[in-house]
Structures are given as structure tokens and as C-alpha cells.
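Trainee: Here is the input, now give the coordinates:
(2 chains)
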Protein chains: 2
Amino acid sequence: MKKIAVLGTGMVGNTIGTKLIELGYTVMMGSRSANNEKAQAWVAAVGEKASAGTFEDAAKFGEIIFNCTKGEASLEAIRMAGIENFTGKTVIDIANPLDFSKGMPPSLIPELSNTNSLGEEIQKLIPDGNVVKTLNIVNCEVMVDAKRSGGDPTMFLCGNKADAKEEVKTILQQFSWSDIIDLGDITTARGTEMLLPIWLRTWFATGNGYFAFKIVR
Amino acid sequence: MKKIAVLGTGMVGNTIGTKLIELGYTVMMGSRSANNEKAQAWVAAVGEKASAGTFEDAAKFGEIIFNCTKGEASLEAIRMAGIENFTGKTVIDIANPLDFSKGMPPSLIPELSNTNSLGEEIQKLIPDGNVVKTLNIVNCEVMVDAKRSGGDPTMFLCGNKADAKEEVKTILQQFSWSDIIDLGDITTARGTEMLLPIWLRTWFATGNGYFAFKIVR
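Mentor: Residues are numbered from 1 along each chain as shown, chains lettered A, B, ... in the order given. Below you'll find the predicted structure:
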């Protein structure tokens, strides 16, 4: 099994990292500093297959790299990780370009939405990495267990490289996603990132964050 | 049964108008000119409960008004219909603020998305009308027959007035929608209008336009 890097120590990184360890992967969590407290606590909790380091340590270690940083900080985190450390690797981008500066619920960062997306900007930043946008449209517990939603929802894949998408599809299946739609190249991430506004409003209206989207067809 | 106005003579207006006639409603289709050819053809096709006129004729006639004009033309069409003719009426807004000026697939008109929506701008234009945004997230054949999608998908309601939303809910049920989520006030239209980018990309990827969204929960 390939070694995996998880960039980001928040709830998403923690949940993804823990699930990957459960699945038998060896995982390094990367953050801004080598001795991040949340990363250390995670390593202590999940056992010997887990480790922690800087963004750069993790990106060097990982053969597959998950971007679980906040959308507004993702491009900087990837620069800190070293552009060259993404070469030839599948980069699973889960972040959303949320803009909290205009009040709640957040909107999307204007320069990273509608006619652009965070997924595309990451792909431009690491032209030799294979960015696949996915999982960004559900909460992190549903990400790692699609059935947690109560049904058989749909997950989308967006990315330029077919074999990187195949690699991600295998992981999605390990996360119990069985209905997977390949939308096409990374520009299709515009569509999935623009699901966040309806996600937020559905959450507020129903009081339930454990839902997911199904394409009924 | 209330008299209904349908503003717009395109595929959406035609399909909605025809379904309403089938359901027993009396319907006037409104357009820019009193003798619009498409409106005349529709009247000839669907029978005596149908009529056609200007936007203003239709808005005066209708006790419920459907906005089925193109998003980029909706505000002008409503102005032409006469602001005062919307007072106290339920206005069902199906239009999307699509921007075809930047190539295909269309993006959303920047001033009418993300931190604003077409639904909100229509509500501002007719403050005494009760705008309910709905149905804009599926193709018109699915709008009038949810089961056409092949399942039991979800439809959203967005609007400031509870009784207007109840009135629309009854019509949605006549269109075979049974899973209906009230998202809240008209600002929640931002979420549903921002579903268009994923709608377009799912259509392109699957070759099937007869799908719909389900909130699995």
C-alpha cells in the first residue's frame, strides 16, 4: 500500500488520517510546524503507522497526498510543502475556497469561484502533480463512510489524469462510496466547489450535517 | 383554482404552461409582444383554457405568476409586466442567472451570484410580491414530473413568505415532487442557483439531462 501524506491537522485531516490508518495505510500528517500539538495528539491516538512533520516532510513522505488544509490557506501550504514534492503524485484536494470575510454563511472566494476554482489553482501551482478534486461536498465523517448519510449517495471526481482518478476511486470505494461520477478535467471542480452554498443552507434548514447528494438518474 | 400567468415562451414556459393546463388551471402566457408566434402556437396546441398576451396582460391576469424568462432578461421582463401587478401574488421564479458571455459551459452572472442571487433581485424589484425560488435545478420535463428522473428526488423552496411557499408546495406536489425542503428566506436562492454549474457538468459527463438531486439523509 502506498504511503500517504495528509496536509492539515483540523477535523478533516484528522478524520481522513484516522480512517486511512484503520485501512492499513502508513500516514504522515503535515502542518506548518514540525511539533504541531494537534498532529502530535493524533499520532499518539492512532498508533505506530502514524507520524507527523512539516508540510514539506509530509509531502516528501507521501506517495499520495491529501490536501485537507483550509481553502484560503491551501496554496500557501502547498508552496511551503515544496512544489517539486508533488511531481508524479496523486493529490487529492478536499479543500473549499470559503470566504468568511462577508459574514455567515460563508460565500466563495470570488477569484476562486464561478470562472475559476481552488482545484484549478492548485493544479496550476503543481503542474507535475495530478490533482483530483473530490470529497469536498460532504462533512468529514461522511467523507470516510458514505453510508453514514443513510443511503447510497454520489461522489464526483474532477481531474486531468485518468490513472490518478482511478487511484482515487479505489480509495473512495474503501470509504464505502459506490456511486462515483467522473465529471472530467479539473475545471469541473468549479461545479463541485459551488455545491458548498447549498450544502451550508441544507445543513442550516435541516439541522443535519450528515447528508450527502445523490444524482437520481 | 387560481388563474396562472407564465412569463416566457421558451421550452420552460411551454412545458410548465402545458402541465398546468393538464392539471386544470387557466393559464395566460406572457411575452414581449401581444402576438408572439410561439405563444400563439402554444395556445393553439393546448386548448381553450390557454391564452396569450404581453407580459403586462399576463401579470394582470395571473393570481400566481411563474417567471420562466431567461435569467439575464428576467428583471426587464418583470419591469415590463408592471411592478404593481405582482402585489400580494405568489411569484414562482424558475430562472437562472446564466452568463453565456464567457463561453461554454455558462458561468453565473457575477453580480447575481455568490453574495447575491437573481431570486433576491426579483424580490427587491417587486417588494409587495412573494417570490419563491424553486424548480430551477432540473430540466423542464423533470420540473413538471419529478418521477421522470427515475426516483424520488429533492426540491428546494426559498422565499420570505410561509404561505406563498405553502401554495408553491401544493403545485410541486401536483408535479409529483414529494421530498421538498424549505431552505428559508429568499437569500437561500444563492444556494440553489449555484447548483447550475454542477448540473451542467453532470449533464455533460453522463449524457443524461433527466437527472435530479436528492439530499440523502
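
Trainee: all helices for chain A, in order.
Mentor: Assigned by DSSP state H, the helices in chain A fall at A:11-22, A:37-46, A:55-61, A:74-81, A:118-125, A:140-143, A:162-174, A:189-193, A:196-206.

Trainee: from those helices, which stretch is densest packed?
Mentor: helix A:189-193 (a mean of 29; mean count of other C-beta atoms under 10 Å in any protein chain shown). For glycine as for every other residue, the C-beta is placed from the backbone atoms N, C-alpha and C.

Trainee: Can it be said to contact chain B?
Mentor: Yes - with C-beta under 8 Å from any C-beta of the partner chain as the criterion, chain B is reached by helix A:189-193 at A:190-192.

Trainee: export that helix as PDB, just CAs?
Mentor: The C-alpha trace of helix A:189-193 is given here as PDB (Å, rounded to 0.1, in the frame of the first residue of the first chain):
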ATOM      1  CA  ALA A 189     -14.100  21.400  -9.800                       C
ATOM      2  CA  ARG A 190     -16.000  24.700 -10.300                       C
ATOM      3  CA  GLY A 191     -19.200  22.700 -10.200                       C
ATOM      4  CA  THR A 192     -18.300  20.700  -7.000                       C
ATOM      5  CA  GLU A 193     -16.900  23.700  -5.100                       C
END
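
Trainee: tell me the mean pLDDT over it?
Mentor: For helix A:189-193, mean pLDDT rounds to 98.

Trainee: next one: that helix to chain centre, how far?
Mentor: 13 Å (C-alpha atoms, centre = their mean, to the nearest Å).

Trainee: Remind me what that helix packs against, helices and strands.
Mentor: Counting contacts by 3 or more C-beta pairs under 8 Å, 6 or more residues apart in numbering or on different chains; DSSP states H and E, helix A:189-193 packs against helix A:118-125, strand A:130-133, strand A:154-159, helix B:196-206.

Trainee: Now tabulate the residues of helix A:189-193 next to chain B in a markdown table and tack on distance to A:Gly207.
Mentor: Below are the residues of helix A:189-193 next to chain B laid out as a markdown table (distance: C-beta to C-beta, whole Å):
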| residue | distance to A:Gly207 |
| --- | --- |
| A:Arg190 | 29 |
| A:Gly191 | 26 |
| A:Thr192 | 24 |
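
Trainee: Nearest to A:Lys3, out of these: which one, please.
Mentor: Of all the residues of helix A:189-193 next to chain B, A:Lys3 sits closest to A:Thr192, with 26.7 Å by C-beta to C-beta.

Trainee: isn't the closest one right up against A:Leu135?
Mentor: No - in this structure, A:Thr192 is not within contact of A:Leu135 by C-beta atoms under 8 Å, at 9.3 Å.

Trainee: Mind listing the shared neighbours of those two?
Mentor: Counting by C-beta atoms under 8 Å, 6 or more residues apart in numbering or on different chains, A:Thr192 and A:Leu135 have no contacts in common.

Trainee: closest one to A:Gly103 among the helices of chain A?
Mentor: Judging these by C-beta to C-beta, what sits closest to A:Gly103 is helix A:196-206, at 12.2 Å.

Trainee: Would the closest one count as contacting chain B?
Mentor: Yes - judged by C-beta under 8 Å from any C-beta, helix A:196-206 comes into contact with chain B at A:197-202, A:204-206.

Trainee: ditto for stretch A:208-217
Mentor: Yes - using C-beta under 8 Å from any C-beta, a contact is recorded between stretch A:208-217 and chain B, made by A:208, A:210-217.

Trainee: most surrounded residue in those?
Mentor: A:Ala212 (26 neighbours; other C-beta atoms under 10 Å in any protein chain shown).

Trainee: how much space between it and A:Pro153?
Mentor: 3 Å (C-beta to C-beta, to the nearest Å).

Trainee: so what sits against both of these two?
Mentor: Shared contacts of A:Ala212 and A:Pro153, counting by C-beta under 8 Å, 6+ apart, come down to A:138, A:142, A:146, B:216.

Trainee: how about the residue of chain A positioned farthest from its centre, what does it touch?
Mentor: Distance to the chain centre peaks in chain A at A:Arg217, reaching 26.3 Å (criterion: C-alpha atoms, centre = their mean). Applying C-beta under 8 Å, 6+ apart, we find A:Arg217 in contact with B:149-151, B:206, B:208, B:210-212.

Trainee: can we see that at 7 Å?
Mentor: When contacts are counted by C-beta atoms under 7 Å, 6 or more residues apart in numbering or on different chains, A:Arg217 touches B:149-150, B:206, B:208, B:211.

Trainee: just to revisit the earlier point, make CSV from the residues of stretch A:208-217 next to chain B and add pLDDT to it.
Mentor: Converted to CSV, the residues of stretch A:208-217 next to chain B look like this (pLDDT from 0 to 100):
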residue, pLDDT
A:Asn208, 97
A:Tyr210, 98
A:Phe211, 98
A:Ala212, 98
A:Phe213, 98
A:Lys214, 98
A:Ile215, 98
A:Val216, 98
A:Arg217, 97
